[in-house]
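[1] Sequence first, predicted model second:
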Amino acid sequence: MAVSQTEERSTDLHVNEEQKSAGRIFDGATLQRLYTFVRPYQSRFYLLVFLILLAAVLAPITPLLIRYTIDNEIAGGDSKGLSLMLAAMVGILVIQAFMQFANTYLSGWLGQHVIRDIRVQLYQKILHLRLKFFDNTPIGRLVTRTISDVETLADVFTEGMAAIAGDILQLVLIIGVMYYTDWRLATISLSMVPLMLLSTYIFKEKIKASFNEVRTAVSNLNAFVQEHITGMNIVQIFGSEKIEAEKFQQINDEHRKANIRSIWYYSIYFPVADILAAAGTGLVVWYGAREILNSQVTFGTVTAFVMFINLFFRPIRMLADRFNTLQMGIVSTDRILKLLDSDDYTQNDGSYIPTKLRGNVEFENVWFAYNDENWVLRDISFQVNEGQTVAFVGATGAGKSSIINLLSRFYDINQGHIRIDGHDLHDYELGALRRNIGVVLQDVFLFSDTIQNNITLGDPRISQEKMIEAAKLVGVHDFIERLPGGYQYNVMERGATLSVGQRQLISFVRAMVQDPRIIVLDEATSSVDTETEELIQAAIEKLMKGRTAIVIAHRLSTIQKANKIIVVDKGQLVEQGTHEELLQQEGTYANLYRMQYKEMA
């Protein structure tokens with residue numbers, strides 16, 4: 001079955017993004033930005049460049065020594081000179097082996113340290129992005145950025161600019177030495193170079209396109225697998241296993257085809273390169289043998305040129321691969337930098353940290369839209385005084401959850417003002433604001449970790465005594481203690497080993513342990529049974545004393561004691577008052593109440 005149109009549009013946009021990034025090997029701006037990550041390790045980087053260039057300089061020396069040894073020491077029968085030359089060659093081989101070890105280790109060390117730093121910066125950036133960003137970006141694509149794209153950068157340091165510079169220098173030096181030694185043999189040796197360069201260019205272009213396809217396919221695979229494993233309960237509830245398997249097979253086939261195309265190009269290019277190198281060697285041997293018989297060229301010179309050809313064609317074969325490695329590094333760097341440079345994050349521009357928040361909340365003429373087109377909230381104005389409990393009711397999609405999202409600055413309003421204790425939300429330091437607002441959502445998320453870490457989220461300011469006290473107030477301490485390991489019990493991914501009600505109670509403790517001045521409950525009791533709901537309601541009555549509470553609930557029976565009930569319809573406030581006042585108005589709230597009363601009857 002074909003993938004959905006939404007997925008196709010997302011993939012097309014992503015492919016276009018990849019194609020725009022492709023084709024740029026020496027992107028100065030991107031390489032300069034990449035160098036900023038190298039700067040803390042620049043001494044090792046420059047040492048690596050020096051060793052690579054030194055290895056290129058030493059490469060032509062061995063063939064020259066062999067030429068001299070054959071034509072002088074061996075031909076002259078000088079055993080002492082032969083021993084000295086052999087010792088010199090062994091010494092150079094040892095030096096080259098050491099430099100190869102140093103190059104491999106330094107490039108790997110540098111690459112791993114740089115990608116560690118980039119990955120940390122990238123994750124810190126992701127932590128501060130707006131929720132709107134995650135609404136529009138598949139999670140699997142962010143995983144690709146953080147894992148696969150960053151990993152690609154490691155290859156830039158092992159086979160990137162420095163290695164390319166070393167290969168080019170080696171080629172230039174070998175050509176110079178070859179023509180200095182014998183211009184006729186040099187010309188014959190290099191007769192295959194135009195064909196080699198042509199095949200290398202064709203290979204580079206083909207493998208570049210296939211690599212882009214592979215990267216796009218990997219990103220699409222990550223996005224699809226992450227989303228559908230997360231939503232596996234929906235897949236199985238509606239019996240869509242076969243349909244989803246067909247979708248996955250289609251995306252996986254694209255990944256397979258892209259990889260096979262790259263394998264195909266490699267399987268053609270390297271044999272062609274070997275054939276051209278062998279042809280060059282054959283021409284040198286053929287011509288050199290004739291010249292040796294005519295006493296025009298020495299045997300040592302022909303032997304040296306055979307070695308020169310191998311030294312010359314090897315970096316040419318590698319250059320195509322190195323260029324593509326560098327280009328994929330540029331593409332990955334572009335995508336990483338685009339994420340790092342994103343301004344789609346909540347600006348923490350405030351500096352006000354209250355000594356103690358009172359909890360007066362005011363919305364004044366607030367307008368809000370998620371996509372800047374369709375208004376979700378229209379001219380919302382209300383006030384919640386310190387210690388009051390205000391409840392919002394209304395149909396699904398009316399805008400209730402958007403109100404609490406704005407209060408915690410998960411999203412920013414388009415127009416109007418939101419104030420707490422008379423200060424605009426933007427005046428508050430973001431961490432201080434959110435620590436004073438305890439939020440319990442309908443969809444509870446627990447990490448694959450212990451109950452203690454899910455409650456404290458690793459905050460060292462929360463002591464175990466404070467955590468246990470909050471758990472006792474909510475009424476779950478005894479339940480947690482009965483679990484294997486108590487507070488050290490691992491709830492597994494998304495709290496899979498706990499019931500819905502148990503997860504909800506733990507999330508309630510997580511909010512309460514921060515000792516917030518404002519409590520926000522978004523359908524907090526909609527997914528629990530009556531007994532668990534009674535536990536929560538009992539805890540709420542204890543914890544709401546002296547705190548401001550904002551409650552969103554479908555069960556109107558849970559909010560009848562609220563100081564004020566606000567009815568929201570299509571993004572507007574249509575009614576507000578106490579439970580009794582709203583019933584007397586015979587409006588939207590009264591109708592909702594009667595409908596629920598009939599359902600319960």
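    Good, I have the coordinates. Numbers count the residues shown, from 1 in each chain.

[2] next structured bit after the strand or helix carrying Tyr180?
    Assigned by DSSP states H and E, Tyr180 belongs to helix 161-181. Next helix or strand after helix 161-181 toward the C-terminus (DSSP H and E): helix 183-189.

[3] So what's the residue count around the spatially closest residue to Val225 that is not a sequence neighbour?
    Sequence neighbours aside, Gly140 is the residue nearest to Val225 in space, at 6.5 Å (criterion: C-beta to C-beta, 6 or more residues apart in numbering). Quick note: C-beta positions are derived from backbone N, CA and C, even for glycine. Residue neighbour count, defined by other C-beta atoms under 10 Å, stands at 21 for Gly140.

[4] now do Trp286
    When neighbours are counted by other C-beta under 10 Å, Trp286 comes out with 11.

[5] ok, back up a step: could you export the helix holding Tyr180 as PDB, CA atoms only?
    C-alpha atoms of helix 161-181 as PDB (Å, rounded to 0.1, in the frame of the first residue of the first chain):
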ATOM      1  CA  MET A 161      40.100  17.800   4.000                       C
ATOM      2  CA  ALA A 162      43.400  16.900   5.500                       C
ATOM      3  CA  ALA A 163      43.500  13.400   3.800                       C
ATOM      4  CA  ILE A 164      42.500  15.000   0.500                       C
ATOM      5  CA  ALA A 165      45.200  17.600   0.800                       C
ATOM      6  CA  GLY A 166      47.700  14.800   1.500                       C
ATOM      7  CA  ASP A 167      46.600  12.800  -1.500                       C
ATOM      8  CA  ILE A 168      46.800  15.800  -3.800                       C
ATOM      9  CA  LEU A 169      50.300  16.700  -2.500                       C
ATOM     10  CA  GLN A 170      51.400  13.100  -3.000                       C
ATOM     11  CA  LEU A 171      50.200  13.100  -6.600                       C
ATOM     12  CA  VAL A 172      52.000  16.400  -7.400                       C
ATOM     13  CA  LEU A 173      55.200  15.200  -5.800                       C
ATOM     14  CA  ILE A 174      55.100  11.800  -7.600                       C
ATOM     15  CA  ILE A 175      54.500  13.500 -11.000                       C
ATOM     16  CA  GLY A 176      57.400  15.900 -10.400                       C
ATOM     17  CA  VAL A 177      59.700  13.100  -9.300                       C
ATOM     18  CA  MET A 178      58.700  10.900 -12.300                       C
ATOM     19  CA  TYR A 179      59.300  13.600 -14.800                       C
ATOM     20  CA  TYR A 180      62.600  14.500 -13.200                       C
ATOM     21  CA  THR A 181      63.700  10.900 -13.300                       C
END
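
[6] Give the bridge partners for the spatially closest residue to Gln488 that is not a sequence neighbour, please.
    Excluding the flanking residues, the one nearest Gln488 by C-beta to C-beta, 6+ apart is Thr450, at 4.9 Å. Thr450 has these beta-bridge partners by DSSP bridges: Asn490.

[7] Who are the contact partners of Thr450?
    485, 487-491 (C-beta atoms under 8 Å, 6 or more residues apart in numbering).

[8] For the stretch 301-450 of the chain, which segments count as strands?
    Along the stretch 301-450 of the chain, the stretches classed as strands by DSSP state E, counting those that start in this stretch are 361-369, 375-384, 389-393, 415-420, 423-424, 437-440.

[9] Help me confirm that Ile316 comes into contact with Leu276.
    No - Ile316 is beyond contact range of Leu276, at 9.2 Å (criterion: C-beta atoms under 8 Å).

[10] Include mean neighbour count and distance to Thr62 when you put the strands of the stretch 301-450 of the chain into TSV, please.
    Listed next are the strands of the stretch 301-450 of the chain as TSV, based on neighbours: other C-beta atoms under 10 Å; distance: least, C-beta to C-beta, whole Å:
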stretch	mean neighbour count	distance to Thr62
strand 361-369	18	71
strand 375-384	18	73
strand 389-393	23	81
strand 415-420	17	75
strand 423-424	14	74
strand 437-440	23	70
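
[11] Any idea which of the ones you listed gets closest to Glu469?
    Counting by C-beta to C-beta, Glu469 lies closest to strand 437-440 out of these; the figure is 14.8 Å.

[12] which other residues reach that closest one?
    With contacts defined as C-beta under 8 Å, 6+ apart, strand 437-440 is touched by 404, 407-408, 504, 507-508, 511-512, 514, 516-522, 524.

[13] could you redo the last one with a cut-off of 7 Å?
    The contact list for strand 437-440, computed with C-beta atoms under 7 Å, 6 or more residues apart in numbering, reads 404, 407-408, 507-508, 511-512, 514, 516, 518-522, 524.

[14] Kindly report the same for stretch 177-196.
    60, 64, 273, 276, 279-280, 283-284, 287-288, 297, 301, 304-305, 308-309, 313, 316.

[15] Ile316 and Leu276: who's more crowded?
    Leu276 (23 against 18).

[16] what about this protein, any weak spots by pLDDT?
    Scanning the chain with the threshold set as pLDDT under 70 gives 1-28, 158-160, 238, 345-347, 372, 523-533, 535-536, 539-540, 542-543, 597-601.

[17] Closest to the centroid, which residue in it?
    The residue lying closest to the centre of the chain (C-alpha atoms, centre = their mean) is Thr146, at 2.3 Å.

[18] correct me, but that residue touches Gln121?
    No - in this structure Thr146 lies outside contact range of Gln121 using C-beta atoms under 7 Å: 10.4 Å.

[19] Filter the contacts of Thr450 down to the buried ones.
    Among the contacts of Thr450, the ones that count as buried by 16 or more other C-beta atoms under 10 Å are 487, 489-491.

[20] Looking at those, which is nearest Gly77?
    Asn490 (79.2 Å).

[21] and the closest one, how far is that from Thr450?
    For Asn490, the distance to Thr450 equals 6 Å [C-beta to C-beta, to the nearest Å].

[22] With Glu291 instead?
    Glu291 is 80 Å from Thr450, by C-beta to C-beta.

[23] how close does Leu283 get to Gln383?
    In this view, Leu283 and Gln383 are 92 Å apart by C-beta to C-beta.

[24] same check, this time on Ile455
    Ile455 is 32 Å from Gln383, by C-beta to C-beta.
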